[in-house]
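Chemist: I would like the atomic coordinates for the input below:
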Amino acid sequence: MQRNKSILVIRLSAIGDVAMSVHAVRELRKAYPDYRITICTRERLAGFFYDIPDLEFLFFPAKASFIDLLKFTGEARKMKFGYVADIQNNLRTSIMRIGLKLSGCKVAAYDQMTYEKWKVKRRFGKRLKPIRNNVLRFCDVFAKLGFPVPDPVVEKKKLPLPEVFDKPKNGNWIGIAPFSRKEKKIYPLNLMAEVVGMLSQKAEKIFLFSGPGKEKQYADSLAAKYPNVIPVFGKTDFNGETALISNLDILITMDSATMHMASLTGANFLCIWGGTHPATGYSAWGANWKENYIQLSTPCRPCSNYGEGKCRHNFMCLREIDPVYIVYKTLSNINHE
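Modeler: Here you go, the predicted structure:
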């Protein structure tokens, strides 16, 4: 069957996974320049794809009922895609994928590797065999459709700073992103405050990344205590945050979206891992586990794929990481760069 040369790539969430998908989409664009490629995602996440030429977007609504989903799928069918790459494979994207398949599209779906991730969790600190990275599993979906791509390569680059941060740089700029959507991924905030205090004496500026509400209050409280601490929330969008990260000497982050945002530009970063583990496939693309990660080999770790579940050991895997060691590792990584 002869299909038109158009590919729909579906990835609606989460923020970090959308950022990871950029590596794979960039290779797809390079390898098949004569194909029309459309990205189906949330409008606020489209900025991650800013430097990939000739992409089109189909924005999924911020809120969508089942009826809205069917209507959206109907609109997508009218665009007459030849191929559909579902690189999320949840209930919503499965409904879209089936609807588009019925209209004649060739479809392929992302492998969640649920059983393999379960096996990683059940090893409880013994030798872990990492499963295939998320980025490569996105590429696998393209290959199933008949569009194999080479393994992505991270290109280190600095992006133009948003005007709100565009000031002469006269010393080290350190970013700290202490939050995640899951408690199992968050280094204790009282200990992170100690890290901020020590690093404030070593850096020209410290940029604190956060969300709204209590996260912003935490960032504001540290900014009030240390004059060179600058809260980032509300001053720019995801694209601007990615640009800022690319200009930092180092970013300290949790297993969260900011880690994957750093990998988009090859920025220097240090990730603190807790209940989750990079062996489950969510390691930042291009990261060096020894240089870029801080993690303890506690007997109960990993206990989670993405932060789900409750901790039975009072967050031992995070509490036992010494703030002094984080500061040492941060400064060592800066000097190494």
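
Chemist: wait, doesn't residue 150 sit right on residue 26?
Modeler: No - Residue 150 is not in contact with residue 26 according to Cβ atoms under 8 Å; the separation is 10.8 Å. From N, CA and C alone the C-beta is placed, and that goes for glycine too.

Chemist: could you point out the longest helix of the chain?
Modeler: helix 15-31 (DSSP state H).

Chemist: what sits against residue 263?
Modeler: Going by Cβ atoms under 8 Å, 6 or more residues apart in numbering, residue 263 touches 19-20, 23, 154, 269, 284-287.

Chemist: can you tell me which two in these are farthest apart?
Modeler: Using Cβ to Cβ, the pair of the contacts of residue 263 lying farthest apart is 23 and 269, separated by 15.4 Å.

Chemist: on that earlier part again, between residue 150 and residue 26, which one's more packed in?
Modeler: Neighbours per residue (other Cβ atoms under 10 Å) separate residue 150 from residue 26, with residue 26 holding more: 20 against 9.

Chemist: pLDDT value on that one, please?
Modeler: If you check residue 26, the pLDDT there is 98.

Chemist: what's the closest non-adjacent residue to it?
Modeler: Residue nearest to residue 26 in three dimensions, not counting chain neighbours: residue 52, with 5.2 Å by Cβ to Cβ, 6 or more residues apart in numbering.

Chemist: can I take it that that neighbour is in a helix?
Modeler: No - counting by DSSP: H, G, I helix; E, B strand; the rest coil, residue 52 is not part of a helix but coil.

Chemist: could you pull out the helices for the stretch 1-150 of the chain?
Modeler: In the stretch 1-150 of the chain, the helices defined using DSSP state H, counting those that start in this stretch lie at 15-31, 66-78, 91-102, 114-121, 134-144.

Chemist: quick one: the last one to chain centroid distance?
Modeler: Remark: helix 134-144 is offset 16 Å from the chain centroid, using Cα atoms, centre = their mean, to the nearest Å.

Chemist: again, but for the fourth one
Modeler: Centroid separation between helix 114-121 and its chain, computed with Cα atoms, centre = their mean, is 20 Å.

Chemist: who touches that helix?
Modeler: Contacts for helix 114-121 (Cβ under 8 Å, 6+ apart): 128-131, 277, 279-281, 302-305.

Chemist: and what of the longest one?
Modeler: Contacts to helix 15-31, defined as Cβ under 8 Å, 6+ apart, come from residues 7, 9, 11-12, 37, 39, 41-42, 45, 48-49, 51-55, 87-88, 134-135, 138-139, 142, 147-152, 154, 238, 256-257, 259-261, 263-264, 282, 285.

Chemist: if you set the cut-off to 6 Å instead, what comes out?
Modeler: Residues from elsewhere that reach helix 15-31 (Cβ atoms under 6 Å, 6 or more residues apart in numbering): 11, 41, 45, 48-49, 52, 87, 134-135, 138-139, 142, 149, 152, 257, 260-261, 264, 285.

Chemist: for the last one, same thing?
Modeler: Around helix 134-144, the neighbours that count as contacts under Cβ under 6 Å, 6+ apart are 20-21, 23-24, 28, 85, 87, 108, 110-111, 149, 281-282, 285.

Chemist: if any of these are buried, put those into a ChimeraX selection.
Modeler: Buried members of the contacts of helix 134-144, defined by 16 or more other Cβ atoms under 10 Å, are picked up in ChimeraX with:
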select :20,21,23,24,28,85,87,108,110,149,281,282,285
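
Chemist: out of the contacts of helix 134-144, which is nearest to residue 75?
Modeler: Nearest to residue 75 among the contacts of helix 134-144, with distances taken as Cβ to Cβ, is residue 85, at 18.3 Å.

Chemist: gap between the closest one and residue 46?
Modeler: Look at residue 85 and residue 46: by Cβ to Cβ, to the nearest Å, they are 17 Å apart.
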